[in-house]
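Novice: Turn this into a structure:
(one chain, ligands or ions: 1)
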Amino acid sequence: MTKVQLKGVRKEFGAFTAISQIDLEIASGELVALLGPSGCGKTTTLRMMAGLEVPTLGQILFDDEDVSEVRVQDRNVGMVFQRYALFPHMTVEKNVMFGLKVRGTPSDEIKRRLEEILDVVQLDQFRHRFPAQLSGGQMQRVAIARTLITNPSVLMMDEPLANLDTKLRGEMRRFIRDLQQRLGITTVFVTHDQVEAMELADRVAVIFNGELAQYDAPDALYQRPNSIEIADFMGASNIFKAQITGGIARTAFGDLQLDQTVCQVRDGSGHVLLRAEAIDLLLSDADADQNLIAGKVTGREFFGATVNYTVDCNGEAITVNEQSRRMVDVGQDVWLTIQPQRIWVIQNPV
Ligand SMILES: Nc1ncnc2c1ncn2[C@@H]1O[C@H](COP(=O)(O)OP(=O)(O)OP(=O)(O)O)[C@@H](O)[C@H]1O
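Specialist: This is a model prediction of the structure:
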């Protein structure tokens, strides 16, 4: 298990700066997702960790040792890409063994590792098949096995599930998470999918425009984003302007009592973030005595297990998400309520 650190890392391609400066520490055995929109610099960051790109400035350390100048083949990292890059003319087991063969590993050692790894990735029954005879998920498991058999100290995955359909992606996420936890291998995973990052990672590094915008555990990132851009990127639908005065947020639809142990606010302007699933929708105002907002349902989207309501509250459209145990009709007058500790405030800089 290896600890990975990036210290003041910058990457320029000619006159273009892809990464302005990144400091990041990945603990030994941790799974970290690099998350961000297309072109933000995720792959460049991963490639620098792997040794496929040399940083223009800064250092990359593996277990406190500077590896910035160490070549990719000497860094002992395992790479898995979106495209599986399997050898089409080789069977599963030949593909998996390939890395050890070219290293000249003794054949009995290769055989022992092969059995171990085919068992780990549950590919034993497919060992004599060719890549064309496998599903996308199976091919990706071969690609992972081929990397793991070389015993890398760090596993690096660049959008490995991007080619798979939604259901298979879900299965593969659980597979990768299980595998990573069983092996305890330090893993860096590039994705532009927020849900994937949150489901898989111990911590998520959000990269915007070549900078680390936030580095946190998934729940912290989701509940307590440190900017509106991050809140938006993490799928928040209810972000409203507010004026903060004495622990109260004044909004266009009314005053909201805040919990100052959750967000230490000072007086000034900013935005409140109300998670759609944290809001209760009431048909009468008798059930709540604080943070009560009057409104009218103007839209309903049914997703099966859950339903989204759009509620007009004094001209602001608030989204409420609840389980679809009941259905509230469009046009119905309602009240919304939210507990102070579920409100997050993003303040404008002074
Ligand atoms: N070899 C290169 N030469 C010049 N510019 C490059 C090179 N590699 C990457 N870039 C640029 O650096 C920026 C970051 O690219 P990178 O591939 O790291 O982004 P990304 O976040 O992984 O995006 P995506 O999700 O689309 O793969 C992009 O603007 C890209 O065009």
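Novice: Could you list the contact residues of this protein toward the ligand?
Specialist: Within the chain, the positions lying close to the ligand (Cβ under 6 Å from any ligand atom) are 13, 16, 18, 36, 38-44, 192. Where C-beta positions appear, they are placed from N, C-alpha and C, glycine not excepted.
Novice: and P55, how many neighbours does it have?
Specialist: 22 (other Cβ atoms under 10 Å).
Novice: ok, which stretches of this protein are helices?
Specialist: For the chain, the helices defined by DSSP state H cover 42-50, 92-102, 107-120, 136-148, 166-183, 194-200, 218-223, 228-233.
Novice: Which of these sits closest to I346?
Specialist: Of all the helices of the chain, helix 228-233 sits nearest to I346, with 5.7 Å by Cβ to Cβ.
Novice: For H192, which residues are in contact?
Specialist: By Cβ atoms under 8 Å, 6 or more residues apart in numbering, the contact set of H192 is 35-38, 42, 159.
Novice: and those, which two are the farthest apart?
Specialist: Comparing all pairs in the contacts of H192 by Cβ to Cβ, the longest separation belongs to P37 and E159, at 13.0 Å.
Novice: from memory F87 sits against M97, does it?
Specialist: No - using Cβ atoms under 8 Å as the test, F87 is too far from M97 to be in contact (10.9 Å).
Novice: Counting neighbours, go ahead and name the busier of those two.
Specialist: M97 (22 against 12).
Novice: Closest one to V142 out of the residues of the chain next to the ligand, please.
Specialist: Nearest to V142 among the residues of the chain next to the ligand is T43, at 22.2 Å by Cβ to Cβ.
Novice: mind checking pLDDT for the closest one?
Specialist: Reported pLDDT at T43 in the predicted model: 94.
Novice: likewise T166?
Specialist: pLDDT recorded at T166 is 82.
Novice: And for G184?
Specialist: Looking at G184, its pLDDT is 90.
Novice: from what I can see it touches A27, true?
Specialist: No - assessed by Cβ under 8 Å, G184 is found out of contact with A27, at 11.2 Å.
Novice: ok, the two, which is more surrounded?
Specialist: The neighbour count for G184 versus A27, taken as other Cβ under 10 Å, is higher for A27 (15 against 12).
Novice: List the contacts of that one.
Specialist: A27 makes contacts with 3, 186, as judged by Cβ under 8 Å, 6+ apart.
Novice: From T186, how far out is it?
Specialist: Using Cβ to Cβ, to the nearest Å, A27 is found at 8 Å from T186.
Novice: Equivalent analysis for E316, please.
Specialist: According to Cβ to Cβ, E316 stands 45 Å off from T186.
Novice: So for those two, which residue has more residues nearby?
Specialist: The residue with more neighbours, out of E316 and T186, is T186; 25 against 16, by other Cβ under 10 Å.
Novice: Leaving out sequence neighbours, find the closest residue to whichever residue of the stretch 251-350 of the chain sits closest to the ligand.
Specialist: Here the residue of the stretch 251-350 of the chain nearest the ligand is I346; by Cβ to the nearest ligand atom that distance is 23.9 Å. Distances taken as Cβ to Cβ, 6 or more residues apart in numbering place H271 nearest to I346, at 4.8 Å, with adjacent residues excluded.
Novice: Neighbours of the one you found, how many?
Specialist: Using other Cβ under 10 Å, H271 is surrounded by 21 other residues.
Novice: Also the one 3 residues further on?
Specialist: A count of nearby residues for L274, using other Cβ under 10 Å, gives 25.
Novice: Can you check the pLDDT for P349?
Specialist: 83.
Novice: if we look at the helix or strand of the chain with the lowest mean pLDDT, which residues are touching it?
Specialist: With mean pLDDT, DSSP states H and E as the measure, the helix or strand of the chain carrying the lowest mean pLDDT is helix 166-183 (a mean of 86). With Cβ under 8 Å, 6+ apart as the test, helix 166-183 has contacts from 31, 120-121, 135-137, 140-141, 144, 148, 155, 157, 160-161, 164, 187, 189, 196, 199-200.
Novice: One more pass at 10 Å, please.
Specialist: Contact partners of helix 166-183, identified using Cβ atoms under 10 Å, 6 or more residues apart in numbering, comprise 1, 29-31, 80, 120-122, 135-138, 140-141, 144-145, 148, 151, 155, 157, 160-164, 185-187, 189, 191, 193, 195-196, 199-202.
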